[in-house]
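*Asks:* What would the 3D arrangement of this be:
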Amino acid sequence: MNRVELLTVTEGFQLSGIGLMLTPDFAVPPGWKNISEEIWALLPDGTEFKAQAQFNKWHFNFGRTPTAEQQQRAWRIFVSLPEANKMDVPAGSRLLVSPELRLAILGDGASESHSR
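*Replies:* Residues are numbered from 1 along each chain as shown. Model prediction:
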């Protein structure tokens with residue numbers, strides 16, 4: 001199957017019951033529906049890691065008086081790997097996904113709207 005790069009992992013953190021959460025995150029495109037897909041991670045040492053990933057919309061509560069920037073970032077798409085840990089996909093790993101998923105998250109791909 002053809003794979004394209006979606007992101008380079010800047011950080012990963014474990015959440016109980018969720019698995020490995022990866023950053024960067026993404027703006028939520030209109031009509032987004034959560035997706036599960038098999039991904040490939042190209043690790044900094046040149047090895048590959050295959051895993052099932054969840055691309056889910058998450059809401060962050062910034063308190064009673066969020067700034068305009070916080071309001072814009074209240075809903076984000078995060079990538080989680082339920083069966084992985086930090087050592088499986090370290091910072092610097094490149095995440096490869098289907099072209100259809102990349103298009104669904106980034107639109108036409110002209111500008112990568114994820115935060116780094």
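
*Asks:* Give the buried residues for the longest helix that the chain contains.
*Replies:* If you go by DSSP state H, the chain has its longest helix at helix 99-106. By 16 or more other Cβ atoms under 10 Å, the buried positions in helix 99-106 come out as 101-102, 104-106. For every residue, glycine as well, the C-beta is placed using N, CA and C.

*Asks:* Now pLDDT and distance to residue 23 too, for those residues, in a markdown table please.
*Replies:* Formatted as a markdown table, these follow (pLDDT from 0 to 100; distance: Cβ to Cβ, whole Å):
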| residue | pLDDT | distance to residue 23 |
| --- | --- | --- |
| 101 | 96 | 17 |
| 102 | 96 | 17 |
| 104 | 94 | 19 |
| 105 | 94 | 14 |
| 106 | 92 | 16 |
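
*Asks:* Let's have those residues in CSV, adding distance to residue 51.
*Replies:* Listed next are the buried residues of helix 99-106 as CSV, based on distance: Cβ to Cβ, whole Å:
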residue, distance to residue 51
101, 14
102, 17
104, 19
105, 17
106, 21
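
*Asks:* Which single one of these is nearest to residue 77?
*Replies:* residue 105 (6.4 Å; Cβ to Cβ).

*Asks:* low-scoring stretches of the protein, by residue?
*Replies:* 59-74, 109-116 (pLDDT under 70).

*Asks:* Please enumerate the strands of it.
*Replies:* Using DSSP state E, the strands found in the chain span residues 4-8, 11-15, 19-27, 35-42, 48-59, 75-81, 94-97.
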